[in-house]
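Student: sequence plus the predicted model coming up.
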Amino acid sequence: MLLKCLHILKTYWIAVILGIAVVIMLSFIPGHKEDIAELEAAIERTKELIADSEKISSDLEKEFDADEFMEEMEQRTVSATQIGKEMVKVDDVLTAFYKTHESLPEDEDERDALFAELEEAQAKNTELTGAGEADHIKTWQLNPEWSLELESVITYQDTERFPVVFKMKTKDGKLAGLVHAIYNVSDHRLSSINRHYTIDGLRDEADVGGI
């Protein structure tokens, strides 16, 4: 009988102890929900970092193609070299025609060739700068003996527009002026063109009889 009572008492206390443990656990869980959520989020971030690391490692193991890399860089790199050459040629032709004292050639073929070259330069000037009919006479160079060259030869990557500078010199090498512009890569055109002449340049302007 005593043994039976002890067995019942033992069973009763085990149930009590287990109940207390459950109550204690339940009392702690609500207060740690945020911690558990943060832990789960940290685990997910870790998984993503591991996946990214594996991808990077895989990419690094691939053979590096130098030719492909250089080709990609060239496609992304732009400069004003080409439009600079075109603009210099255009202004040289326009200046030679509008800023000179010389009469037109008497030979008809030479005269036709001259006008054909002029029309081509005018069309190109319109294409590159948006110049109208009345603008062609407003040449950058004020004297056909001047030289015009692209001063800024910096290359850019992944850009649609950037500044360029042209430099003008007199026949004796003095700075005649500068031309600032914005090169718009997508349409291959110069905009926001501003000309600045030095005292030497203004003094060396050609006298073309009011033209």
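Tutor: Received the coordinates, thanks. These numbers were taken from a predicted model, which means no experiment stands behind them.
Student: okay, and the helix or strand of the chain with the least pLDDT?
Tutor: For the chain, counting by mean pLDDT, DSSP states H and E, helix 2-28 ranks last in confidence among helices and strands (a mean of 46).
Student: tell me where the protein has strands.
Tutor: In the chain, the strands defined using DSSP state E lie at 77-78, 147-150, 156-157, 161-169, 175-184, 189-197.
Student: just for this structure, where's the confidence low?
Tutor: With pLDDT under 70 as the threshold, the chain has low-confidence stretches at 1-78, 153, 209-211.
Student: go with 90
Tutor: For the chain, applying pLDDT under 90 flags the ranges 1-81, 100-112, 114-115, 152-162, 185-186, 206-211.
Student: ok, now which ones touch the closest residue to Ala96 other than its chain neighbours?
Tutor: Spatially, and ignoring its direct neighbours in sequence, Ala96 is nearest to Pro144 (4.8 Å; Cβ to Cβ, 6 or more residues apart in numbering). C-beta coordinates here come from the backbone N, C-alpha and C atoms, glycine included. The contact partners of Pro144, taken as Cβ atoms under 8 Å, 6 or more residues apart in numbering, are Thr95, Ala96, Lys99, Thr100, Ala206.
Student: check Tyr183 too.
Tutor: If a contact means Cβ under 8 Å, 6+ apart, then Tyr183 has Ala80, Ile83, Arg161, Phe162, Pro163, Val164, Arg189, Leu190 as its contacts.
Student: repeat for Ala181
Tutor: Contact partners of Ala181, counting by Cβ under 8 Å, 6+ apart, are Pro163, Val164, Val165, Phe166, Leu190, Ser191, Ser192, Ile193, Asn194.
Student: how about those residues in CSV, adding neighbour count and distance to Glu108?
Tutor: As requested, these are exported to CSV (neighbours: other Cβ atoms under 10 Å; distance: Cβ to Cβ, whole Å):
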residue, neighbour count, distance to Glu108
Pro163, 13, 45
Val164, 22, 40
Val165, 15, 41
Phe166, 24, 35
Leu190, 21, 35
Ser191, 12, 39
Ser192, 11, 42
Ile193, 16, 36
Asn194, 9, 40
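Student: could you redo the contacts of Tyr183 as JSON lines and give each row distance to Leu118?
Tutor: Compiled in JSON lines, those are given as follows (distance: Cβ to Cβ, whole Å):
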{"residue": "Ala80", "distance to Leu118": "25"}
{"residue": "Ile83", "distance to Leu118": "20"}
{"residue": "Arg161", "distance to Leu118": "30"}
{"residue": "Phe162", "distance to Leu118": "31"}
{"residue": "Pro163", "distance to Leu118": "30"}
{"residue": "Val164", "distance to Leu118": "25"}
{"residue": "Arg189", "distance to Leu118": "21"}
{"residue": "Leu190", "distance to Leu118": "20"}
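Student: no more questions from me, cheers.
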